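Novice: Next input, structure requested:
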Amino acid sequence: MKDQSISRFWDKFSKKSMRYGVKADAVRWMVRHAEGYIKYYPDDRLASHRAEFVTKYLNDKCRDPLLLDWQFRQIILAIRILFTEMVQHDWAENYAWEMWDKKARLLKSSHKSAEDFLEDELNRLKESLNEKNDSANGLFKVVFSEYPHYLERLVKSIRLQQYSLRTEEAYLSWFMRFLSFHNMKDPADLTEEDIKNYLEYLVFKRNVSSSTQSQALNALVYFYKSVLNRDLSNNIEFLRSRKPRHLPVVLSTNEINTLFSFMDNDSIHSLMLHLLYGCGMRLMECVRLRILDVDFDYQQILVRNAKGKKDRVVPIPKIVVERLKEQIEKVKLLHQRDLEQGYGSVFMPEALVRKYPSFDKDIKWQYVFPATVISKDPRSGVMRRHHINETVLQKYIKKLADKAGIMKRVTCHILRHSFATHLLENGYDIRTVQELLGHTNVSTTMIYTHVLNKPGVTVTSPLDLLLNHRA
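Specialist: Have a look, this model is predicted:
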C-alpha cells in the first residue's frame, strides 16, 4: 500500500474499533495489535489469510507468560475487526472468536503462582537474604533474627509479582520500620489502629510528604494481603499529610540551548539528555531502553513497562538518529566481546527466560546504554552487564547546569517537564502531550498549561502604571 492508502486503512480501522466500544485513547493499541499480526506473516497478503492463520497466531500469543487476560482480549478484538470489518473474509463471521475470548479470561489463573516458585529460586532468595544479613549492622539484622520467615515470604511474593528491585527494597524498608516503631511485636498481632498510629507518626514526628506516607501505606497493605492473607480496610482513617501544589520547574528554550551547548556531543551522556528532552522520557525509561525497542523505520521508541506498567510510543528526534545508530553498533561490539569472555547475558523477566532460555544473550534484548563493567545480579547471582547507573546521568546534568550558570534547579526530570511545556507552547493539543507523556488522566498533564496563561507577562504591574502616569 502507498502511504496515503495505508493511512486511510488505519483511519477506517480506528473508527471501526471505536464502534466496538474501544475508547479513543486505546485505539492506537488496537492498531499496534493488528500490525503485530500482519508482521507475523510478512510474506502473505491479508486477502490470502485463512482461519488457521489466526488460530496459529493466537495459540502462539497465549503462550506468552507475561500476557495479561485483558491484553489478550484486546488482541483478539483487533484481529476480529481486521477480518470481519476491513478484509471481510467469509470465514471470519463464523470463526470461534467467543471461544478465544473465554480462553483469554483464564490466562490470569495460569500465570505463575507461589507453588511454581522453583527450588533453585527459593534457595537463591534465602541465600541473598542471608548475605544481606551478614553485611547488615542495623535494622535488617534485628528483624531478620526475629522474623526471617516474614522477610522471606514478603520478598518471594514481590518477586512473583515481578516488581522492580526498587519496589522490593522500599517495601522491605517500610515493613522493618513499622516493626521497629511497634518494638518488634509480631505483625500478625497488630491491628489497623496500630497501622494508623504509625502513619500519623510519620506526619507528626517525621514530617514526611504525602507521597512518602502513601508509599508506607501501600507497603503495609501489600504485606498484610500477600504474607498474612489479611485484607485491610479500604478506608483506614488517619491524618494524611497535605499534598502540596507545586508548579513544575521548566527551562526556557534559551536555557535548554545554553545547557546543551556545554555538553560533549560525542559522549553517551549527551545522547541520553537529548532523548530525555526530545522524547519526554523519564530517567529510568531512558537507562532501561533496549535495542529491540528502537524502531528506526517508524522513527519511534517503544517505552515498555513504564510507570503504571503501561507501554507507550514516543518519536525519535531526527537530530539523534545517526548517533543512536552509532551507539547501538558500539553495544553490538561490546556484546560480542562479552560473549567471547563467557558473559553476554542481560536481565530479563524470569518467566520469559524460562520460556526462551537464549533470549538473555540475544543482541536485541541488550540495553542501549550498558554499564561499563560486568556486575553480580543481586537477585539471581548471575554475573552480567546491567544498564548504566542512573546516578551517573544525574551527576552529569548537575555539573552541566553549574557550568551553564543556570540558576534554576536542573534535574533529568525537569527536561521532561520542559518537553511537555514546549510542545504546548508550540500549539500541540493537550491530548497529544498526554499520550506522549503516558499520563492516565489528562488532569495530570494540565499542570503544564500554567505557562500558557503567563500571568506575570500579561499583567502590568501597578508600579509600572504609576511611573507611566507620572511620565
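
Novice: Now Val321. Nearest residue, chain neighbours left out?
Specialist: Spatial nearest neighbour of Val321, excluding adjacent residues (CB to CB, 6 or more residues apart in numbering): Phe296 at 6.8 Å. Where you see a C-beta, it was placed from the backbone N, CA and C, and this is true even at glycine.

Novice: what's that neighbour in contact with, if anything?
Specialist: Under the criterion of CB atoms under 8 Å, 6 or more residues apart in numbering, the neighbours of Phe296 are 316, 321, 324-325.

Novice: do the same with Trp91
Specialist: Contact partners of Trp91, counting by CB under 8 Å, 6+ apart, are 50-51.

Novice: And the residue nearest the centre of the chain, how close does it get to Cys412?
Specialist: Note on the chain: the residue nearest the mean C-alpha position is Ala306, at 1.3 Å, using CA atoms, centre = their mean. Distance, Ala306 to Cys412, by CB to CB, to the nearest Å: 15 Å.

Novice: do Glu192 as well
Specialist: Taking CB to CB as the measure, Glu192 and Cys412 are separated by 39 Å.

Novice: Repeat that for Asp377.
Specialist: Separation of Asp377 from Cys412 (CB to CB) stands at 25 Å.

Novice: same thing with Asp295?
Specialist: According to CB to CB, Asp295 and Cys412 sit 23 Å apart.

Novice: Arg80 now?
Specialist: 42 Å.

Novice: which of Glu192 and Cys412 has more neighbours?
Specialist: Cys412 (22 against 15; other CB atoms under 10 Å).

Novice: what about the residue nearest to the more buried one when sequence neighbours are not counted, how many neighbours?
Specialist: Spatially, and ignoring its direct neighbours in sequence, Cys412 is nearest to Leu283 (4.3 Å; CB to CB, 6+ apart). Residues within reach of Leu283, counting by other CB under 10 Å, total 19.

Novice: go on, Arg50?
Specialist: Arg50 has 11 neighbouring residues, counting by other CB under 10 Å.

Novice: Likewise for the one 4 residues further on?
Specialist: By other CB under 10 Å, the residues close to Val54 number 23.

Novice: how about stretch 205-212 as PDB, C-alpha atoms only?
Specialist: C-alpha atoms of stretch 205-212 as PDB (Å, rounded to 0.1, in the frame of the first residue of the first chain):
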ATOM      1  CA  LYS A 205       7.200  13.400  64.000                       C
ATOM      2  CA  ARG A 206       8.900  12.700  60.700                       C
ATOM      3  CA  ASN A 207       7.200  15.400  58.600                       C
ATOM      4  CA  VAL A 208       7.100  13.200  55.600                       C
ATOM      5  CA  SER A 209       5.400  14.200  52.300                       C
ATOM      6  CA  SER A 210       2.100  12.800  51.200                       C
ATOM      7  CA  SER A 211       3.700  10.500  48.600                       C
ATOM      8  CA  THR A 212       6.100   9.100  51.200                       C
END
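
Novice: average pLDDT for that stretch?
Specialist: Stretch 205-212 carries an average pLDDT of 87.

Novice: Can you give the distance of it from its chain's centre?
Specialist: With CA atoms, centre = their mean, to the nearest Å as the basis, stretch 205-212 stands 25 Å off its chain's centre.

Novice: Could you pull out the buried residues of that stretch?
Specialist: Of the residues in stretch 205-212, Val208 count as buried by neighbour count, 16 or more other CB atoms under 10 Å.

Novice: elements contacting the host helix or strand of His417?
Specialist: For His417, the element it lies in under DSSP states H and E is helix 412-425. If you count contacts as 3 or more CB pairs under 8 Å, 6 or more residues apart in numbering; DSSP states H and E, helix 412-425 packs onto helix 253-261, helix 268-279, helix 283-287, helix 390-404, helix 430-437, helix 450-453.

Novice: Can you check the distance spanned by stretch 236-248, start to finish?
Specialist: 31 Å (CA to CA, to the nearest Å).

Novice: again with stretch 449-464
Specialist: Using CA to CA, one end of stretch 449-464 lies 27 Å from the other.

Novice: and what of stretch 13-28?
Specialist: Start-to-end span of stretch 13-28 (CA to CA) is 10 Å.

Novice: same deal with stretch 198-209?
Specialist: Stretch 198-209 end-to-end distance (CA to CA) = 14 Å.

Novice: which other residues reach it?
Specialist: For stretch 198-209, contacts defined as CB under 8 Å, 6+ apart pick out 178, 181-182, 212-213, 216-217, 220, 236, 238-241, 243-244.

Novice: For Leu436, state which of the residues you listed is nearest.
Specialist: For the contacts of stretch 198-209, the closest approach to Leu436 (CB to CB) belongs to Lys243, at 25.1 Å.

Novice: quick one: low-confidence parts of the stretch 151-300 of the chain?
Specialist: 234-235, 241, 243-244 (pLDDT under 70).

Novice: all strands in it, in order from the N-terminus.
Specialist: 294-295, 300-306 (DSSP state E, counting those that start in this stretch).

Novice: I'd like these laid out as CSV, including distance to Gln336.
Specialist: Formatted as CSV, those follow (distance: least, CB to CB, whole Å):
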stretch, distance to Gln336
strand 294-295, 19
strand 300-306, 24
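
Novice: Can you say which of the ones you listed is packed in most?
Specialist: Highest mean neighbour count among the strands of the stretch 151-300 of the chain (mean count of other CB atoms under 10 Å): strand 300-306, with a mean of 17.

Novice: How many neighbouring residues does Phe175 have?
Specialist: Number of residues near Phe175 (other CB under 10 Å) recorded here: 23.

Novice: Tell me which stretches of the stretch 1-150 of the chain form helices.
Specialist: 3-19, 27-40, 51-61, 69-81, 90-93, 97-104, 107-110, 119-135, 139-146, 148-160 (DSSP state H, counting those that start in this stretch).

Novice: quick check: angle from the fourth one to helix 97-104?
Specialist: Interaxial angle of helix 69-81 relative to helix 97-104 (axes from the mean of the first three to the mean of the last three CA atoms, to 10 degrees): 160 degrees.

Novice: residues of helix 69-81 that come out buried?
Specialist: Applying 16+ other CB under 10 Å to helix 69-81 flags 69, 71-81 as buried.

Novice: What is that helix packed up against?
Specialist: Short answer (3+ CB pairs under 8 Å, 6+ apart): helix 69-81 packs on helix 3-19, helix 27-40, helix 51-61, helix 97-104, helix 107-110.

Novice: closest to Gln161 out of the ones you listed?
Specialist: Nearest to Gln161 among the helices and strands packed on helix 69-81 is helix 107-110 (12.6 Å), distances taken as CB to CB.

Novice: where along the stretch 151-300 of the chain do the helices fall?
Specialist: Counting by DSSP H, counting those that start in this stretch, the helices of the stretch 151-300 of the chain are 165-181, 192-204, 210-226, 253-261, 268-279, 283-287.

Novice: picking that back up, now the contacts of Phe296: which count as buried?
Specialist: Among these, those that count as buried by neighbour count (16+ other CB under 10 Å) are 316, 324.

Novice: Contacts only, for the residue lying closest to Arg288 once chain neighbours are set aside.
Specialist: Leaving aside its chain neighbours, Arg288 sits nearest to His387 (5.7 Å; criterion: CB to CB, 6+ apart). The contact partners of His387, by CB under 8 Å, 6+ apart, come to 287-288, 367, 369-371.

Novice: Could you do His182 as well?
Specialist: By CB under 8 Å, 6+ apart, the neighbours of His182 are 190, 194, 198.
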